[in-house]
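Asks: need a structure here:
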Amino acid sequence: MTSPRQLLVVVMWMTGTLLSFSVMAIAIRSLSGALSILEILTIRAVLGMLIILAIMAVRPELRHSVKTHRFGLHLLRNGVHFCSQYLWACSLLLLPLATVFALEFTMPAWTILLAPFFLGERMTASRIGAVVLGIAGVLVIVRPGMATFQPASLMVLAAAFGYAINIITTKKLTATDSTFAIVFWMNAIQIPLGVAFAGVTFVGKFSWELAPAIAAIGTAGLFAHYCMTNAFRAGDASVVVPLDFMRIPLIAVVGWWLYSEPVDIFVFAGAGLIITGILWNLRSETRRPVAVGNLAPAPGNAGSQSS
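Replies: Below you'll find the predicted structure:
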């Protein structure tokens, strides 16, 4: 059960998350003409790590907070996340922004399905309803078997499943590791992954014209995951993720304004079904009585560190 106060905290953190991911989408499109997707992801990780090291230089006490006894889980989280980022970033160049972000909302459905097995969260009627309506919404958006079907949509669906795994592992890590440690290991692991696949030739491609977009993708990527991790710390994964629906109308306006992308009624119809399920689940979560055992702070929140 998520209390109204917890819900407010989650909403605040998720607002930072959705704005940051929107900035990332714009920055990726801006850089795609000069850099490959793998090079962009590598730069994002490098800049994120530089920011983290700068913070550690100012606050030396944070050096102790990056210690972890769950490196294997960090490795799984960031290996899956790196692959998912690649698919997501590629789809941004092939599909309208609103379509990509709407299809990405299969992530809550995947998360809700995985949460009972890996997090011990209960499967309720409203959560099942959110999954069913989410699948229906995806079918409306993708329209398989019709001439309008775009194969690139499958890349977004695969990325969304990967993000759901990322969310499950993040929630498990918040029980033992600080937010700073989770973000630190994200960049520390993804830098060698990026260099292994992209090489270091991107260094010679740098120009000052690219600097604003590079700075945006580095800071937005780091801030997005910092906000997301804190949102998971504040509430159940099945409650946190659905709040991300606010970015669908936002990114549709951005796509129309910056790239003259048409507003597809089917995208909004499908998104409407997805959001209906999300709101139903959210309403049920906030109205469910608090169990006596839930009055005590969760292990992941008691005494946890935050940067």
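Asks: for the helix or strand where residue 112 lies, packing partners?
Replies: In this structure, residue 112 sits in helix 106-118 according to DSSP states H and E. The elements that helix 106-118 packs onto, with contact taken as 3 or more Cβ pairs under 8 Å, 6 or more residues apart in numbering; DSSP states H and E, are helix 125-142, helix 153-173, helix 237-240, helix 265-287. (C-beta placed from N, C-alpha, C; glycine too.)
Asks: run the last query once more with 7 Å
Replies: Packing partners of helix 106-118 (3 or more Cβ pairs under 7 Å, 6 or more residues apart in numbering; DSSP states H and E): helix 125-142, helix 153-173, helix 237-240.
Asks: Following element in sequence after the shortest one, please.
Replies: The C-terminal neighbour of helix 237-240 among helices and strands, as given by DSSP H and E, is helix 247-259.
Asks: hmm, back to that, so of the helices and strands packed on helix 106-118, which one's packed in deepest?
Replies: Among the helices and strands packed on helix 106-118, ranked by average contacts under mean count of other Cβ atoms under 10 Å, first place goes to helix 237-240 (a mean of 26).
Asks: So for residue 259, which of the helices and strands packed on helix 106-118 sits nearest?
Replies: Relative to residue 259, the nearest member of the helices and strands packed on helix 106-118 by Cβ to Cβ is helix 153-173, separated by 17.2 Å.
Asks: If you compare the directions of the closest one and helix 106-118, what angle comes out?
Replies: Orientation note: helix 153-173 sits at an angle of 40 degrees relative to helix 106-118 (axes from the mean of the first three to the mean of the last three Cα atoms, to 10 degrees).
Asks: Run through who's touching helix 153-173.
Replies: Residues outside helix 153-173 that contact it (Cβ atoms under 7 Å, 6 or more residues apart in numbering) are 70, 73, 76-77, 80-81, 83-84, 87-88, 90-91, 95, 100, 103-104, 106-107, 110-111, 114-115, 118-119, 142, 182, 229, 232, 237, 241.
Asks: on that earlier part again, would you format the helices and strands packed on helix 106-118 as CSV with distance to residue 51 and mean pLDDT included?
Replies: CSV is the format used below for these (distance: least, Cβ to Cβ, whole Å; pLDDT from 0 to 100):
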stretch, distance to residue 51, mean pLDDT
helix 125-142, 34, 84
helix 153-173, 19, 92
helix 237-240, 24, 67
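Asks: want to try a markdown table for these, with distance to residue 48 as columns?
Replies: Listed next are these as a markdown table, based on distance: least, Cβ to Cβ, whole Å:
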| stretch | distance to residue 48 |
| --- | --- |
| helix 125-142 | 30 |
| helix 153-173 | 15 |
| helix 237-240 | 21 |
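Asks: mind checking which of those is nearest residue 19?
Replies: When these are compared by Cβ to Cβ, helix 237-240 sits nearest residue 19, at 15.9 Å.
Asks: hang on, the earlier thing: check the contacts of helix 153-173 for burial and list the buried ones.
Replies: Buried by 16 or more other Cβ atoms under 10 Å: 70, 73, 76-77, 80-81, 84, 87-88, 90-91, 95, 100, 103-104, 106-107, 110-111, 114-115, 119, 142, 182, 229, 232, 237, 241, out of the contacts of helix 153-173.
Asks: how near is the closest residue to residue 274 other than its chain neighbours to residue 86?
Replies: Leaving aside its sequence neighbours, residue 274 sits nearest to residue 137 (Cβ to Cβ, 6 or more residues apart in numbering; 3.7 Å). Computed as Cβ to Cβ, to the nearest Å, the residue 137 to residue 86 distance reads 25 Å.
Asks: For residue 119, what are phi and psi?
Replies: phi -120, psi -10 (degrees, to the nearest 10).
Asks: Please tell me how far the nearest residue to it once chain neighbours are set aside sits from residue 34.
Replies: Among residues not flanking residue 119 along the chain, residue 171 sits closest, at 5.7 Å (Cβ to Cβ, 6+ apart). Per Cβ to Cβ, residue 171 is found 37 Å from residue 34.
Asks: Work out for me the element residue 28 sits within.
Replies: Here residue 28, judged by DSSP H and E, is contained in helix 4-31.
Asks: so what's residue 188 up against?
Replies: residue 49.
Asks: Residue 93 too?
Replies: By Cβ under 7 Å, 6+ apart, the contact set of residue 93 is 29, 32.
Asks: Which pLDDT value belongs to it?
Replies: Note for residue 93: predicted pLDDT of 92.
Asks: likewise residue 286?
Replies: For residue 286, pLDDT reads 66.
Asks: For residue 271, see how far away the most centrally placed residue in the chain is.
Replies: Among the residues of the chain, residue 163 comes closest to the average C-alpha position under Cα atoms, centre = their mean, at 6.4 Å. Counting by Cβ to Cβ, the gap from residue 163 to residue 271 is 17 Å.
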